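K.L.:
Here's a sequence, model it:
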Amino acid sequence: MGPISRMKQFLRYAFRGPSERVAGEQPWWAHDKPPWPSQSNEGPRIQRVVDNRVMLLGLDELYRTAMKGHERTELLACAQRVSTALHQAPADVPVEGYYSEDSALTTYFRLMRTLQTVSLERAPEVEAIPEFHRLLTVTSSPIFGSPVRENLLPTGRDPLSAALLAIDLAQWSVPLLTAEAAKAARAADDFSLVGLAARAEDPVVLAALRESVVLYAMVVTGGFAAPRFEYVWQVDPALAAAAQHFVDGFNGLFGSELPPPTAQYAHIFGDAFGGAEVVGRCVRLGQTADRPVHYYHWAVCRDSEDQLAVHEFWHDQVVTTKRYRRSACSAGARYSAGGCWSGGRY
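P.N.:
Numbering: from 1, shown residues only. As a prediction, this is how the structure comes out:
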């Protein structure tokens, strides 16, 4: 099965709800095979290493694709039903993460931002509504961190949130927060998407995956045979075991849409990593309590050697992924050692 066929099959499954699955039906990834024949001498064999970063960014891309399908359909309908029952309008806030990609995702984001601010005292008004319980189940899932319910819907306290709370605001920095988040993830046995990134102690992955959950980021020359990629699994076993908990948690909510993080499916994670748009993902992590409010951000960028890096910065407005990419990345800007961007302004 070629990459286009595999993607079509994945999308067909991603946009089907768990209730539509036929009993005993195998998930899409169970039928997926590595993209080369077992007995073939055609074309060069190229090894692609699936290490911690590739596996996590691949898992993130699989999550984003599947999650968007649910957010545009099932979860959007739930948010609309609950908002109508509570007479709540969509919040007029900056649209963060991938939620600016289309109108359905934007509407969902703004409705959820509103519901996240509704007082917990109003819960009895929607307790009899099934759509409310579905939203509560999803937002309470440990795949987003430990749920903290101070309002109608909980938010997840993941290891990066824990790190931000544990370290004085004046000392927030990429190295310190990355180290503290890793310690928090292992201490709490956190297997949320951000928790997995924290365990890897890779700030690029940490920034990219946090942007994904901001609401709860071959040229063929004639005459040569196309190369065949052989994926080599080099993922830390402890990280893979924790990632399995995340996959189980997600599949428990939405059906068997994410494959197990094992060597058998290394090619799926490798392919998903290849399609991930990581550079330019920007996420607001915290803010000052005093006015005027200033917001603390992390963004994935490229350094002077064209390697992935994290740009940390404060701003007097919330800088979304869309805005960050438009102002910096689209201008070909590069992050300098001094912490400033050239070629674009926010």
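
K.L.:
all contacts plus neighbour counts: C-alpha atoms, from now on.
P.N.:
Noted.

K.L.:
by contact count, what packs against the lengthiest helix in the chain?
P.N.:
Among the elements of the chain assigned as helix by DSSP state H, the one spanning the most residues is helix 52-72. Contacting helix 52-72 under the criterion 3 or more Cα pairs under 8 Å, 6 or more residues apart in numbering; DSSP states H and E are the following elements: helix 3-14, helix 103-115, helix 193-200, helix 203-212, helix 266-274.

K.L.:
Let's test this: mean pLDDT of whatever helix or strand comes next after that helix, rounded?
P.N.:
Using DSSP states H and E, the helix or strand that directly follows helix 52-72 along the chain is helix 74-86. For helix 74-86, the mean pLDDT works out to 96.

K.L.:
Stretch 90-109 now?
P.N.:
Averaged over stretch 90-109, pLDDT sits at 93.

K.L.:
quick one: contacts of that stretch?
P.N.:
Contacts with stretch 90-109, where a contact means Cα atoms under 8 Å, 6 or more residues apart in numbering, come from 68, 71-72, 75-76, 79, 110-114, 211-215, 217, 281-283, 318, 320-322.

K.L.:
let's go with 10 Å and repeat that
P.N.:
Outside of stretch 90-109, the residues that reach it under the criterion Cα atoms under 10 Å, 6 or more residues apart in numbering are 64, 68-73, 75-80, 83, 110-115, 117, 208, 210-215, 217, 281-284, 317-323.

K.L.:
Quick check on those residues: which are buried?
P.N.:
64, 68-73, 75-76, 78-80, 83, 110-115, 208, 210-215, 217, 281-284, 318-323 (16 or more other Cα atoms under 10 Å).

K.L.:
quick one on the thing from earlier: can I get the helices and strands packed on helix 52-72 in CSV with distance to Glu312?
P.N.:
What follows is the helices and strands packed on helix 52-72, written out as CSV (distance: least, Cα to Cα, whole Å):
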stretch, distance to Glu312
helix 3-14, 34
helix 103-115, 24
helix 193-200, 17
helix 203-212, 10
helix 266-274, 23
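
K.L.:
residues contacting Trp314?
P.N.:
Contacts for Trp314 were tallied using Cα under 10 Å, 6+ apart; they are Arg284, Gly286, Gln287, Thr288, His294, Tyr295, Tyr296, His297, Trp298.

K.L.:
hang on, the earlier thing: most packed of the helices and strands packed on helix 52-72?
P.N.:
When you average the neighbours per residue for each of those (mean count of other Cα atoms under 10 Å), helix 193-200 leads with a mean of 29.

K.L.:
quick check: angle from it to helix 203-212?
P.N.:
With axes from the mean of the first three to the mean of the last three Cα atoms, to 10 degrees as the criterion, the two stretches helix 193-200 and helix 203-212 enclose an angle of 170 degrees.

K.L.:
other SSEs contacting helix 193-200?
P.N.:
The elements that helix 193-200 packs onto, with contact taken as 3 or more Cα pairs under 10 Å, 6 or more residues apart in numbering; DSSP states H and E, are helix 52-72, helix 159-166, helix 174-188, helix 203-212, helix 237-254.

K.L.:
check which helix or strand covers Glu127.
P.N.:
No secondary structure element spans Glu127, as it lies outside all helices and strands (assigned by DSSP H and E).

K.L.:
The one 4 residues further on too?
P.N.:
Under the criterion of DSSP H and E, Glu131 resides in helix 130-139.

K.L.:
Restrict that helix to CA atoms and write it as PDB.
P.N.:
Below are the C-alpha coordinates for helix 130-139, written out as PDB (Å, rounded to 0.1, in the frame of the first residue of the first chain):
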ATOM      1  CA  PRO A 130     -25.300  13.900  27.300                       C
ATOM      2  CA  GLU A 131     -23.200  16.300  25.200                       C
ATOM      3  CA  PHE A 132     -22.000  17.900  28.400                       C
ATOM      4  CA  HIS A 133     -20.800  14.600  29.900                       C
ATOM      5  CA  ARG A 134     -19.000  13.800  26.600                       C
ATOM      6  CA  LEU A 135     -17.100  17.100  26.900                       C
ATOM      7  CA  LEU A 136     -16.400  16.500  30.500                       C
ATOM      8  CA  THR A 137     -15.100  13.000  29.700                       C
ATOM      9  CA  VAL A 138     -12.700  14.300  27.000                       C
ATOM     10  CA  THR A 139     -11.400  17.300  29.000                       C
END
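
K.L.:
helices and strands around that helix, which ones?
P.N.:
helix 74-86, strand 146-148, helix 237-254.

K.L.:
Go again with 7 Å.
P.N.:
Packing partners of helix 130-139 (3 or more Cα pairs under 7 Å, 6 or more residues apart in numbering; DSSP states H and E): helix 74-86.

K.L.:
any residues touching the helix it packs on, and which ones?
P.N.:
Counting contacts by Cα atoms under 7 Å, 6 or more residues apart in numbering, the residues outside helix 74-86 that touch it are Ala89, Tyr108, Leu111, Met112, Val126, Glu131, Phe132, Leu135.

K.L.:
So what's the residue count around the last one?
P.N.:
Meaning Leu135. By the criterion of other Cα atoms under 10 Å, Leu135 has 19 neighbours.
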